[in-house]
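In: Pasting the sequence and the predicted model now:
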Amino acid sequence: MSRSVRLVPAVATLLVLALTAAACDGGVHGTPGGSGVRDPYFPKAGNGGYDVGHYDLTLDYTPATRRLTGTAVITARATQNLSAFDLDLAGLQVDAVAVEGRKARFNRAGQELTVRPHDDLSRGETFRTTVHYSGKPRTLTDPDGSEEGWLPTADGALGLGEPVGSMAWFPGSDHPSDKASYDITVTVPKGLQAVSNGELTDQSTKGGRTTWHWHTAQPMASYLATVAVGHFDLTRSTGPHGLPILTAVDPTQEKAAEEVLAKLPGIIKWEEYNFGPYPFSSAGAIVARPDDAGYALETQNRPFFPGAPETGTLVHELAHQWYGDSVTPVSWQDMWLNEGFATYAQWLYGEDHGGKSAQQTFMELYDGDNEAIWAYPPAKPSSAAHISDSPVYERGAMVLQKIRQKVGDDTFYAIIQGWAAAHRHGSASTADFTAYVERKAPHKDFTEIWKDWLYGDGKPAHP
C-alpha cells in the first residue's frame, strides 16, 4: 500500500524557492581553486582555478611614511566551477574584497588570500575581483639571499618581483605561467616620478600629488611588473621602426649612463636582426642609484639597473624582452630559457662587435677553473636558492652554442628566431624547446646535447 506525502505550505514554499535558485544559477556547485600551481621550486606561487586576463592597479604611496594604499581590480576567467579561489599577497592589510561587485568573504594564511564569492563561479565565466588593501609593503628575501618585493630607497621605493616579489605590493596569481595585461596608476607627492611598464597614458597633479597612469597591452608575467618611485629624469626618443623609447634615470646617474643609453636603439636593432621583431610596443630603461638594489632585472618594456649599466648588461637585459618577457618560462625550473639565452646574446654581441667569438668564450669556460658551472645541469637547478647560479647562465649559453655547432648558423638563427615567434607573448618549457629544435633540424641527433649538456650532471667529457 502506497501513501502520498502531503507537504505543508511552508515546506513546499522553501522547496520551490530552492529549486528556483538552482535553476537561476545553472546548478553551479564549485570547489576551491588550488593555492599554488605546484611549481617545483615555489609550490605556493600562483593559484589554480582561474586565468588572469588583466590587472588594474591603483596605488598611492608616500615615501615619508612608507605607506601604500592600493586597489586591485583583477579580471579573470574561471577554469573550473569555483566556490573559492586564492590570490598571492604577502603582508599588507586587506580592507575589503568584492567579486562582481558583491562583497566577498576572505581570510589570510601566509601568502594566501582566500576569497569566497557570494555566488559560485561557473567554468568559463569571466569575473572581476576588487581588493582594497593598505599598509607598509614588505621587502622579501629570496632563497638565494637577495632582496625583492618593495624596496624603500632614499627618495622613494622600487617594486621588483623576480621570482615571487610582486605579491609584496599587489595581490594576484604570482607565477610566470599566468600572464596578463596591466594598467598601473600610481599617485605620489608632487615632484616625484612614478615609472612603470608599458606606455605613460596620463599624468596629472592635484592637491600636491601627481598621478601617473601606465598601460601594458601585451601579456606580462607578474614578476616583470615594476614601479620605481623617486626623482628621475624622463627622456623620450625612438628606436627601429619608430619604436617609442622612454628612459628614466636618477639625476645622480645621468652623466654616467648617458653614453651607454645612447646605444639602446642600436642594440635593439641588432637584437631584432638576430632574434626577430621586437615583441612590445615600447622600450627603454630605468636607472636608479647603485645602492637601491643589488641586481639588474628584465622588467618588461624597460629593464631596471642599479646604476649606469655596462654595455653587456644592457644587451643581456634587452635580450630578455624576447627570451623571458615575451617567451616566459612555464615554471622556475625552466629559468635557463631566460638566462641562458640572454647570456648567449652577450656572447653574440661581442662576436659581432670586435670581441671574442662565441666559440672562444665557450672554450674558455670549458677549460677554465670555475667548477661552479658544473654544479648542476641547466634544466635541473638543485634548489630554489640556485636558480640564478652559473649553470643556468653560462652553461645554459653553452647549450645554445652546442646546438649552433650541430646545425650551423643558418638553421641556428632560424631556430632562435622561430622560437621567439612561435611562443610570442606566451609561456613555454624546456621540453617545448627541445621538441622545437628537433622539429627544425629533423636529421640531426641531439641526444648527446640533451643528455650531457642540458640534463646531465657534472662536466661533459667532450666540449
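Out: On my side now, so go ahead. Numbers count the residues shown, from 1 in each chain.
In: contacting residues around the residue nearest to Lys44 when sequence neighbours are not counted?
Out: In space, and not counting its chain neighbours, Lys44 is closest to Gly36: 4.3 Å by CB to CB, 6 or more residues apart in numbering. Glycine gets a C-beta too; all of them are placed from N, C-alpha and C. For Gly36, the contact set (CB atoms under 8 Å, 6 or more residues apart in numbering) comprises 43-48, 86.
In: Tyr223 belongs to a strand, doesn't it?
Out: No - under DSSP: H, G, I helix; E, B strand; the rest coil, Tyr223 sits outside any strand and is assigned helix.
In: and it, how many residues sit next to it?
Out: 27 (other CB atoms under 10 Å).
In: any idea of the pLDDT on it?
Out: With respect to pLDDT, Tyr223 scores 98.
In: can you check the one 10 residues further on too?
Out: The pLDDT attached to Asp233 in the predicted structure is 98.
In: burial of it, as a residue count?
Out: Counted with other CB under 10 Å, Asp233 comes out at 14.
In: how about the nearest residue to it, chain neighbours excluded?
Out: In this structure, Asp233 finds its nearest non-sequential neighbour in Val249, 5.2 Å apart by CB to CB, 6+ apart.
In: isn't the one you found right up against Ala262?
Out: No - contact criterion CB atoms under 8 Å: Val249 and Ala262 do not qualify, at 12.0 Å.
In: who's more crowded, those two?
Out: Neighbour comparison, Val249 and Ala262: the larger count goes to Val249, with 23 against 10 (by other CB under 10 Å).
In: what residues are up against that one?
Out: Val249 sits next to 232-233, 235, 257, 261, 285-287 when contact means CB under 8 Å, 6+ apart.
In: Swap in 7 Å and give it another go.
Out: Counting by CB atoms under 7 Å, 6 or more residues apart in numbering, Val249 makes contact with 232-233, 257, 287.
In: Let's see the pLDDT reported for it.
Out: 98.
In: Any idea what it is bridged to?
Out: Counting by DSSP bridges, Val249 is bridged to Asp233, Val287.
In: switch to numbering from 363
Out: OK, 363 is where the count begins now, so the last one is Val611.
In: quick one: the helices in the chain?
Out: Listed in chain order, the helices of the chain (DSSP state H) span residues 371-386, 616-623, 626-637, 673-681, 698-714, 720-729, 752, 758-769, 771-784, 792-802, 809-810.
In: The third one: which residues count as buried?
Out: The reference is to helix 626-637. Neighbour-count burial for helix 626-637, counted by 16 or more other CB atoms under 10 Å, picks out 626-627, 629-630, 632-634, 636-637.
In: Kindly indicate which of the residues you listed lies nearest Gln442.
Out: Nearest to Gln442 among the buried residues of helix 626-637 is Phe637, at 36.9 Å by CB to CB.
In: Against Thr492, how distant is the closest residue to that closest one other than its chain neighbours?
Out: With CB to CB, 6+ apart as the criterion, Phe637 has its nearest non-adjacent residue at 4.7 Å, and that residue is Trp684. Separation of Trp684 from Thr492 (CB to CB, to the nearest Å): 34 Å.
In: With Arg470 instead?
Out: Taken as CB to CB, the span from Arg470 to Thr492 is 17 Å.
In: In terms of neighbours, single out the busier of the two.
Out: Set Arg470 next to Thr492 and count neighbours by other CB under 10 Å: Thr492 wins out with 17 against 13.
In: Derive a PyMOL selection command for the buried subset of the contacts of Gly398.
Out: A single PyMOL command suffices to select whichever of the contacts of Gly398 are buried according to 16+ other CB under 10 Å:
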select buried, resi 406+407+408+409+410+448
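In: could the contacts of Gly398 go into a markdown table alongside pLDDT and distance to Tyr423?
Out: Output for the contacts of Gly398, formatted as a markdown table (pLDDT from 0 to 100; distance: CB to CB, whole Å):
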| residue | pLDDT | distance to Tyr423 |
| --- | --- | --- |
| Pro405 | 96 | 31 |
| Lys406 | 96 | 26 |
| Ala407 | 97 | 25 |
| Gly408 | 97 | 26 |
| Asn409 | 97 | 26 |
| Gly410 | 97 | 31 |
| Asp448 | 98 | 26 |
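In: Ignoring the adjacent residues along the chain, who's closest to Lys742?
Out: Nearest to Lys742 is Tyr817, by CB to CB, 6+ apart, at 6.3 Å.
In: Contact partners for that neighbour?
Out: Contacts for Tyr817 (CB under 7 Å, 6+ apart) come out as 739, 741-742.
In: ditto for Asn636
Out: The contact partners of Asn636, by CB under 7 Å, 6+ apart, come to 710, 775.
In: Next, work out how far apart the closest residue to Trp736 other than its chain neighbours and Asp545 are.
Out: Of all residues not flanking Trp736 in the chain, Lys821 sits nearest, at 4.3 Å (CB to CB, 6+ apart). From Lys821 across to Asp545, the span is 48 Å (CB to CB).
In: returning to that earlier point: nearest to Thr501 among the helices of the chain would be which one?
Out: Proximity to Thr501 (CB to CB) singles out helix 673-681 among the helices of the chain, at 21.8 Å.
In: As a markdown table, the helices of the chain with mean pLDDT and distance to Phe666 would be great.
Out: Converted to a markdown table, those look like this (pLDDT from 0 to 100; distance: least, CB to CB, whole Å):
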| stretch | mean pLDDT | distance to Phe666 |
| --- | --- | --- |
| helix 371-386 | 39 | 50 |
| helix 616-623 | 98 | 13 |
| helix 626-637 | 98 | 14 |
| helix 673-681 | 98 | 8 |
| helix 698-714 | 98 | 14 |
| helix 720-729 | 98 | 26 |
| helix 752 | 97 | 22 |
| helix 758-769 | 98 | 22 |
| helix 771-784 | 98 | 22 |
| helix 792-802 | 98 | 26 |
| helix 809-810 | 98 | 38 |
